[in-house]
Structures are given as structure tokens and as C-alpha cells.
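K.L.:
for reference, the sequence and a predicted model appear below.
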Amino acid sequence: MAKGRFSFPQAAGRAEALGEIHSRPYALVGKSRVIFQLAFLTEGGSVVDTAVMAELARSRGVAPPGREANHFSMAWGQGTLRWERHTEFSTYFWDCPAPAHFGDAVDMHPFGDQFSPPGSLISGVRLEIREDSEETRAAIGQFDATSLCYSEIKTGQAVIVSDLRQDGDGLTRILVIDKGMTEAGRGAVVQRLLDIETYRTLATLGLSLARTLSPEIRRIEDGLTSITQKMKTGARETADELLSEITRLAAELEANAALSLYRFGASRAYYDIVRERIQTLTEVSVPGRETLGSFLERRLAPAMRTCQSIEERQANLSRKMARATGLLRSWIDVELERQNSALLGSMNRRVKLQLRMQQTVEGLSVAAISYYIVGLFGYLAKALEGHGLPVKAGTLTGLFVPVAIIFTFLTVRSVRRRHDLEDQTGD
């Protein structure tokens, strides 16, 4: 095949899409290993998270990861340190040979004084893989019997044991009894168990927020109840005040809903991941023992229902507020229409009064103009009488009075009609 025969232009995002399925490969885990994984919320953003891993890499003489990298690994002691960045948290995974006895201290790990966390610790796991032996089975007695989870997986090739409680270092202890798994099989089991512990902790973050919001929602519900009770009494005179109060409550509700929108959505997504990881374990229950999946489902499901209940209460309360606001606005609109109607009636009376005054003024103006015209005509009559006019000026002026009045009246009416016509045609 000729070189470069399939060298076509690449679609945008193709490389990222192809590499996504290989972004989190299972680590190959040998026999008798102890694994530590810490998960931190990255409140400082990706820059701080990358800087922490870069500092660790430089301390070991290794080239640091790039700014856009989402995962990185390097040798550390007798194991490998693996870093992965997720949406709101990052994980640090390190493994080494298991100590002589289950639960013994491990000194040479990367999370000592030189380690600067990128944010708050959200999850910490100590997982030990040990071969099946009397000593290993005796270690089960170190777990709390009241919350002990015990189940077989991979068709009996392994047993997982945990009480999901934290040891003196604040780490959740998990024991995997190996009965013949391969390195790849161990890696898959380890990754699923680490994911379950990390994501179940992240999922329950929504429960704390739900408990915080519950009294706030109750207070808003009581406020809305008080407002609707006042509306039942027909207190229209206080509609403006009631609308102001319900608007304030609606603003508080929407602020709380915006605050919880992401957290509750993320909790649902993390809960789905936990259930999917539990399903892929294909646990087989042992008589008298509770499986990890049944234990978590019994504890996580009520927490998730609490978050769902808060979301539904927010949504229902928002709809009720919208209806109450609509009723109050109807009251206010009716009152405004009544006021507008009264205002229009008042304006109509004023227009009629102005029209009457205008008609009166027009009548007076006809008399005034006629008076001035007759006066001017009197001067003319006197002048003509001085030049031998046979009719006396007073007689001629008196005869001219009706002519002047009629002429003035017709002229004024003609001007008013022309103005009326202009108003009707909009010119």
C-alpha cells in the first residue's frame, strides 16, 4: 500500500473522539498489592490541579504533564502514581507491594508532607489485594460487623470485603481476596471499586444541600400560604403589597433553585455511575452476608429521593407562585382599568366643557369683530358724508350693523369648518 494513501483531512474533534475510549485504561495490578486513591475537589480550577502534578513530576526528575492533559502517570517507588482530572475533581492513584499484614502502615507513599493537595479531599480509599489464605480471611474480623459487605465476584475468582468506614487515616478500607484473577482482571475490579467509593461520596453531596434548602423551602411555602389566605378575603386594596411580597419570595426560590441545579444534576449522574459500576461487578451474595450493591442501594436510594423531593418541591412551588402572581396581577389590571375609565370620563367632561367655552368665545368674538368692523365703517361713512353723501353717517352705520354681523358669523363658521375638516382628514 502506498504511503499516505489514506492521508485525508481530519474532521474537527476526531482525534479526541478516538482517544476518549483509551483515556482511562485499567491498570495492570499484580498479586498482593495495596492501592491508595485520593480524590480532591478542584476548587482552584485546572491550573492549580495541573501545577500540583507538575511539581510532583519535577521532584522525581520527570517531564511534567501539559496544561491540557487530563491524565498522567509516572513511576514512584515500587509502584506507579497515576493522576486523572475530571469535571469537578481529580484523583491520585498509587500502588505498592502489600505490607506483611492487612492494615499495616505504608511509609514510602507520595502523599506525605511534600504533597500539596489541589483542593478539599472528597474521597480516600485504601484497597488491598491479597491471596486467599487463613491469615487473609482472619483479617475480615477487623471490619465493622454492623456494616460489613461481603460478596463473591468474577464467578468466584475473588471476594470483596468492606465496611465502608474510614480508618485512622480517614481512608475507606476495602479488601479483595484474590482466588486466581489475571492482572487485567484485578485492574478492572480495582477500578470499579475505586469508582464506586469516589462517586458514591460525590453523589451524596447533594443530600447536604437538600437538607440545607429544606427549611428555606418550608419558609417560602409558609409565606405563599399566608399570601393566598389574604387573597381569599378579597384584600384588593393591598394587592400591590402582596405582589411585592410574592415577588420577593419568588426571587429567593429561584436563587435557591439556581444554586441546586448543578449539584442535584451531578448527584443523579454520579448515582447512575455507581449503579452501573455495581452492576458490572456481577456480585454473588453469600448466605448471611450483605453485598456491596445492596448495602449502597439501601443507603443511597433514600438520599437520592430526598434530593429529588427537594427538586420537585421547588418546581411545584414555582408553579404555585406563578399562578398566585397571575391572580394578583389580574386584580391590579382590573383596578388600573377602572382608574383609566374614570380618567377617560373626566377627560371627556373636560373636553365638553372646553367645547362649550369655545362656542361661547366664538359668539363673543363675532360680536367683538363685528363691533370693530362697524366702527371702521362709521369712519368711512363720516368721510363720505363730508363729501356730500345725501345719507347721514349714523343712518348708514346703523344699516351696516346686520351686514357686518352676518359677514363675521359666516367667516368664523367657514374657518371652523375648515379646521374640523383638517382634523378629520389628519392633515
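P.N.:
In hand now; what should we look at?
K.L.:
got phi/psi on Ile174?
P.N.:
phi -130, psi 130 (degrees, to the nearest 10).
K.L.:
and it, bridged to which residues?
P.N.:
Beta bridges link Ile174 to Leu127, Ser162, judged by DSSP bridges.
K.L.:
per-residue confidence for it?
P.N.:
What the model reports for Ile174 is a pLDDT of 95.
K.L.:
from Val284, how far off is it?
P.N.:
17 Å (CB to CB, to the nearest Å). Where C-beta positions appear, they are placed from N, C-alpha and C, glycine not excepted.
K.L.:
of those two, who's got more company?
P.N.:
Taking other CB atoms under 10 Å, Ile174 and Val284 do not tie; Ile174 has more neighbours (24 against 13).
K.L.:
may I ask which helix or strand encompasses Ala57?
P.N.:
In this structure, Ala57 sits in helix 46-59 according to DSSP states H and E.
K.L.:
hey, where'd the strands end up in the protein?
P.N.:
Using DSSP state E, the strands assigned to the chain run over residues 33-41, 71-76, 79-85, 89-97, 121-131, 149-153, 158-166, 172-178, 284-285.
K.L.:
with distance to Arg211 added, can I get those in TSV?
P.N.:
Putting the strands of the chain into TSV (distance: least, CB to CB, whole Å) gives the following:
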stretch	distance to Arg211
strand 33-41	19
strand 71-76	35
strand 79-85	30
strand 89-97	22
strand 121-131	18
strand 149-153	26
strand 158-166	21
strand 172-178	22
strand 284-285	32
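K.L.:
looking at these, spot the one closest to Ala255.
P.N.:
Ala255 sits nearest to strand 33-41 of all the strands of the chain, at 22.6 Å, using CB to CB.
K.L.:
confirm for me that Met74 is in contact with Tyr92.
P.N.:
No - with contact defined as CB atoms under 8 Å, Met74 does not count as touching Tyr92 (11.6 Å).
K.L.:
grab the most central residue of this structure for me.
P.N.:
For the chain, Ala258 is the residue whose C-alpha lies nearest the centre (CA atoms, centre = their mean; 3.6 Å).
K.L.:
need the pLDDT of it.
P.N.:
With respect to pLDDT, Ala258 has a value of 87.
K.L.:
now it: how far from Phe264?
P.N.:
Ala258 is 11 Å from Phe264, where distance means CB to CB.
K.L.:
and what of Ala145?
P.N.:
34 Å.
K.L.:
comparing the two, which residue is more hemmed in?
P.N.:
Using other CB under 10 Å as the criterion, Ala145 and Phe264 rank with Phe264 on top: 23 against 8.
K.L.:
could I get the CA-only coordinates of the helix holding Ala57 as PDB?
P.N.:
Backbone C-alpha positions of helix 46-59 (Å, rounded to 0.1, in the frame of the first residue of the first chain) are rendered in PDB as follows:
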ATOM      1  CA  SER A  46      -7.500  23.000  36.300                       C
ATOM      2  CA  VAL A  47      -4.400  25.400  36.600                       C
ATOM      3  CA  VAL A  48      -3.900  24.500  40.300                       C
ATOM      4  CA  ASP A  49      -4.600  20.800  39.600                       C
ATOM      5  CA  THR A  50      -2.000  20.600  36.800                       C
ATOM      6  CA  ALA A  51       0.500  22.600  38.900                       C
ATOM      7  CA  VAL A  52       0.300  20.100  41.700                       C
ATOM      8  CA  MET A  53       1.000  17.200  39.400                       C
ATOM      9  CA  ALA A  54       3.800  19.100  37.600                       C
ATOM     10  CA  GLU A  55       5.500  19.800  40.900                       C
ATOM     11  CA  LEU A  56       5.400  16.100  41.800                       C
ATOM     12  CA  ALA A  57       6.800  15.200  38.400                       C
ATOM     13  CA  ARG A  58       9.700  17.700  38.700                       C
ATOM     14  CA  SER A  59      10.500  16.400  42.100                       C
END
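K.L.:
low-confidence stretches in the stretch 101-250 of the chain?
P.N.:
Residue ranges of the stretch 101-250 of the chain with pLDDT under 70: 234-237.
K.L.:
okay, helices next: where are they in it?
P.N.:
According to DSSP state H, counting those that start in this stretch, the stretch 101-250 of the chain carries its helices in the segments 134-138, 183-203, 205-232, 239-281.
K.L.:
give me the residues contacting the first one.
P.N.:
By CB atoms under 8 Å, 6 or more residues apart in numbering, the surrounding residues in contact with helix 134-138 are 101-102, 130, 175, 177.
K.L.:
which positions in that helix come out as buried?
P.N.:
Thr136 (16 or more other CB atoms under 10 Å).
K.L.:
how far off centre is that helix?
P.N.:
51 Å (CA atoms, centre = their mean, to the nearest Å).
K.L.:
Glu221 touches Leu317, doesn't it?
P.N.:
Yes - here Glu221 reaches Leu317: they are 6.2 Å apart, a contact under CB under 8 Å.
K.L.:
wait, Gly79 sits on Val106?
P.N.:
No - here Gly79 lies out of contact with Val106, judged by CB under 8 Å, at a distance of 10.1 Å.
K.L.:
distance from the chain centre to the helix holding Ala57, please.
P.N.:
For helix 46-59 - counting by CA atoms, centre = their mean - the centre lies 31 Å from the chain centre.
K.L.:
what of stretch 208-225?
P.N.:
18 Å.
K.L.:
buried sites along that stretch?
P.N.:
Buried residues in stretch 208-225, counted by 16+ other CB under 10 Å: 209-210, 213, 217, 220-221, 223-224.
K.L.:
using CSV, lay out those residues together with distance to Arg126.
P.N.:
Putting those into CSV (distance: CB to CB, whole Å) gives the following:
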residue, distance to Arg126
Leu209, 28
Ala210, 30
Leu213, 34
Ile217, 39
Ile220, 44
Glu221, 45
Gly223, 49
Leu224, 49
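K.L.:
so who does Phe400 touch?
P.N.:
374, 377, 381.
K.L.:
number of nearby residues for the last one?
P.N.:
Summarising burial for Ala381: neighbours were counted as other CB under 10 Å, giving 22.
K.L.:
hang on, it packs against Leu399?
P.N.:
No - look at Ala381 against Leu399 with CB under 8 Å: they stay out of range, at 9.5 Å.
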